[in-house]
Every structure is written in structure tokens, then in C-alpha cells.
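Asker: predicted coordinates and the sequence they were generated for:
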Amino acid sequence: MHRRTMAVLAAATALLGAAAVAAAGPAQAAAGCRVAYSVTNQWPGGFGASIAITNLGDPVTAWTLGFSFPSGQTVTQLWNGVATQSGANVTVRNAGWNGSLGTNATTSVGFNGSGSGSSPTAFTLNGTACTGSVPSTPPSTPSTPPSTPPPAGRAVKTMPLGDSITGSPGCWRALLWQQLPAERVDFVGTLPAQGCGFPYDGENEGHGGFLATNVADQNQLPAWLAATGPDVVMMHFGTNDVWSNRPTATILAAFTKLVGQMRAQNPAMKILVAQIIPMNPPTCPECAARVRDLNAAIPGWAAGLSTTASPITVVDQWTGFDPATDTGDGVHPNDAGNRKIAGRWLPAVQAAIS
């Protein structure tokens, strides 16, 4: 699969209303835009959702997304932006690092909300209605960099699989890519890079808000595997499962099903599974202990499922990672956290592609 590149500012994450990542500078009018809104999780009295925003017009250096909830829902926690809400009306402004959107560039935000009912269907970007098209002649000079040509020879197709920690924007992948031989690795996935300040091979399967248990139950992985044909899968999954209080045994059963689907696609699949980074969100004081329980069970699970043809390697992302200093919100890695995550993946990926 061809490599895609994007360039925006370095990664950080933002909690709802966090002043440290307030948008800088005025927002220009957008000539056209497309928004994809999806509910990624539901529970009694609440839900998780993600919003992908594509700028179809001229490049902008700051953006504001507007929409209204039709059924009285409220945003309780949001990442990758700063949200305010007045009644049903929600305004999301870019974080400090993702305000620049070139022509055809996409960024995304994720959030947890309270309530239930119909999803919003009308959105504006910098005051322009998002209809999925541009009302006039498109700009003649797109700012999105061209795709990187595929490497010469047989690069090892490697799929980063997970949730927003992997894909929104997941700049540890960019830092990892810098340290790997370009001719030996080809990151693959159905999702494009969101940009981390420099060109890199950023395709991935990091779906913001997704649960491993839902991906397994809904059989979503086989289509991603069929579309990309990876040789290696590197999986950091389970954060949202823990947040949703899914039992460790249920999460590991989902992992087992996902491994079976990987091997059905490629019997020689090399599988790297992370003991996930610690989390300490203010809305989930129990999450820290749940992560410890999951991580403690992963090595034994992996040992029982690993084979010579398709080995499972456990990568410890937990040890030495501090949510207080390595995340911006107790969950999503900041620059320091991204460096740690990349460093922990590096030896295992080097071995897998050698």
C-alpha cells in the first residue's frame, strides 16, 4: 500500500476545556468540508463518539467545528480539541497542535457524552456548512504533500492496531518510523496519517474510541486485514475496554479471536501485543487498577497462544510510563509519552522485520 504523508504540529492531547491547548489565532473561512460522525461505544446513560473532519477548501491554520445534539446529549470529556456547549449547541476548537489543515487534510476528535438518542447530522467548519463538496472551483494548489512512493524491494507490511492512542494522532508511530530502515518496513492500514510535524509512513488501524471487544464481536478486523495484507501486527488495544469496565477475561477472549483472524489472513503473522500504558483519567479512578490487572494477565495469555509459525511477542509499555508527566489528560500520550512508546516498540519491531 502506498505511503501517505501529512504535516502538522507535534502531538498533544486535550481534555474538555483545558486552557493549555486553547486554539491560537483566528480561523479562516473554509470553502468546503466533510464530516464523518460515528458512535463508537454505548453504555447506560452515555456513549463514545468520534468525528473525522476533512477540509476540502483552502488551507486553514485554525478551525472551529459546530454542531447541535438533537436529543439533549452533552459532551462530558473530549480529546484532540477544546469543546464548549450551550444547550444543544456544541463548539469544538482545535487543540494547540492540530489547527493547520491543508486542502483535503483530515483530523479527528473523540469524546464521551451523556444521554442517548439521534446523532447530529449538520456540521459547520469555520462557519461553512459541511456538505461533502466545495461550492466553487477547488483551489489550484493543494497543500497536502504527495504520497511517498512504495519502497524498493519487499518491505515488511506492519499494521499498527488499536484506538486513539495508536491513531489520533499516534505520533509515536512517526517517531518509530524515523528509527526504522525505510526499505524494510511499510506501515499499513485503512486510516491515513494525521501528521506529526514531518513526513512519515503513517497508515494505521488506530480507531479512536474503539473497544477491542467490540472489534472482535463485530468482526471488523478481517476487512482491515484483507485490505492491507500485513506481515506483522503491533497491537496496543484495551484502553477503552478498561474504561468501559470490561472484565480482563472478556478482553483476553477478544484478543484471542483477533489473533485467530490475523492467522486466518496470514498463518505466519508475527504479532506484537502491548501491555498497555497506564491510565488515570479523572472520570475513572478505578481504571489504573484495571489496567494493572489486564497487563498482569497478558504474558500468560500470550505464552499459551504463541506458536513457532506465528509468534506472539509481549511489549511492556506500562513500566516507566507516568500518566502525570507522559500524558496530557491521564490517558493520551504527550510528546514525552510518545517518545517512550516509540522506544519500547523499537526492539520488537526491529526483530519482527529482520
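Answerer: Nice, thanks for sending it over. Numbering: from 1, shown residues only.

Asker: when you work out contacts or count neighbours from here on, use the C-alpha atoms and nothing else.
Answerer: Fine.

Asker: what is the neighbour count of the closest residue to residue 327 other than its chain neighbours?
Answerer: Using C-alpha to C-alpha, 6 or more residues apart in numbering and skipping the chain neighbours, the partner closest in space to residue 327 is residue 333 (4.1 Å). Counted by other C-alpha atoms under 10 Å, the residues lying close to residue 333 total 31.

Asker: gap between residue 333 and residue 262?
Answerer: Remark: distance between residue 333 and residue 262 (C-alpha to C-alpha, to the nearest Å) = 27 Å.

Asker: can you check residue 299 too?
Answerer: Going from residue 299 to residue 262 by C-alpha to C-alpha gives 19 Å.

Asker: what about the two, which has more around it?
Answerer: Remark: of residue 299 and residue 262, residue 262 carries more neighbours, 25 against 18, as counted by other C-alpha under 10 Å.

Asker: what about the strands in the stretch 251-354 of the chain?
Answerer: Taking DSSP state E, counting those that start in this stretch as the test, the strands found in the stretch 251-354 of the chain are 270-275, 312-316.

Asker: try the stretch 51-200 of the chain
Answerer: Under DSSP E, counting those that start in this stretch, the stretch 51-200 of the chain gives strands at 64-68, 74-79, 81-86, 89-94, 106-114, 123-125, 128-129, 156-162, 185-187.

Asker: of all these, which gets the most neighbours per residue?
Answerer: strand 185-187 (a mean of 25; mean count of other C-alpha atoms under 10 Å).

Asker: paired strands for that strand, with orientation please.
Answerer: Listed by DSSP bridges, the sheet partners of strand 185-187 and their directions read strand 156-162 (parallel).

Asker: quick check: angle from the strand it pairs with to strand 270-275?
Answerer: Using axes from the mean of the first three to the mean of the last three C-alpha atoms, to 10 degrees, one finds that strand 156-162 and strand 270-275 are set 30 degrees apart in direction.

Asker: in the protein, where is pLDDT below threshold?
Answerer: Applying pLDDT under 70 to the predicted model, the residue ranges of the chain that meet it are 1-31, 135-153.

Asker: report the central residue of this structure.
Answerer: Most central residue of the chain, judged by C-alpha distance to the mean C-alpha position with C-alpha atoms, centre = their mean, is residue 167 at 2.3 Å.

Asker: so what's that residue up against?
Answerer: Taking C-alpha atoms under 8 Å, 6 or more residues apart in numbering, we find residue 167 in contact with 193-194, 204-208.

Asker: which of those residues fall in strands?
Answerer: Mapping the contacts of residue 167 onto strands (DSSP state E) picks out 205-206.

Asker: in a markdown table: the contacts of residue 167, plus neighbour count and distance to residue 305.
Answerer: What follows is the contacts of residue 167, written out as a markdown table (neighbours: other C-alpha atoms under 10 Å; distance: C-alpha to C-alpha, whole Å):
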| residue | neighbour count | distance to residue 305 |
| --- | --- | --- |
| 193 | 29 | 31 |
| 194 | 25 | 34 |
| 204 | 24 | 24 |
| 205 | 25 | 23 |
| 206 | 27 | 24 |
| 207 | 20 | 25 |
| 208 | 26 | 27 |
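
Asker: just the contacts of residue 167 now: which is nearest residue 73?
Answerer: Closest approach to residue 73 among those (C-alpha to C-alpha): residue 208, at 19.6 Å.

Asker: give the contact list for the residue lying closest to the closest one once chain neighbours are set aside.
Answerer: Once its chain neighbours are removed from consideration, residue 208 has its nearest residue in residue 164; the separation is 3.9 Å (C-alpha to C-alpha, 6+ apart). With contacts defined as C-alpha under 8 Å, 6+ apart, the neighbours of residue 164 are 170, 206-210, 332.

Asker: swap in residue 321?
Answerer: Residues in contact with residue 321, defined by C-alpha under 8 Å, 6+ apart, are 277-278, 337, 340.

Asker: the nearest residue to residue 293 once chain neighbours are set aside: how many residues sit nearby?
Answerer: Using C-alpha to C-alpha, 6+ apart and skipping the chain neighbours, the partner closest in space to residue 293 is residue 248 (7.0 Å). Residues contacting residue 248 under the criterion other C-alpha under 10 Å number 20.

Asker: now do the phi/psi pair for residue 248.
Answerer: Here the main-chain torsion angles of residue 248 (degrees, to the nearest 10) amount to phi -50, psi -40.

Asker: can we start the residue count at 57 from this point?
Answerer: Sounds good: first residue 57 from here, last item residue 304.

Asker: my read: it touches residue 351, true?
Answerer: No - in this structure, residue 304 sits apart from residue 351 without contact. The criterion is C-alpha atoms under 8 Å, and the distance is 9.0 Å.
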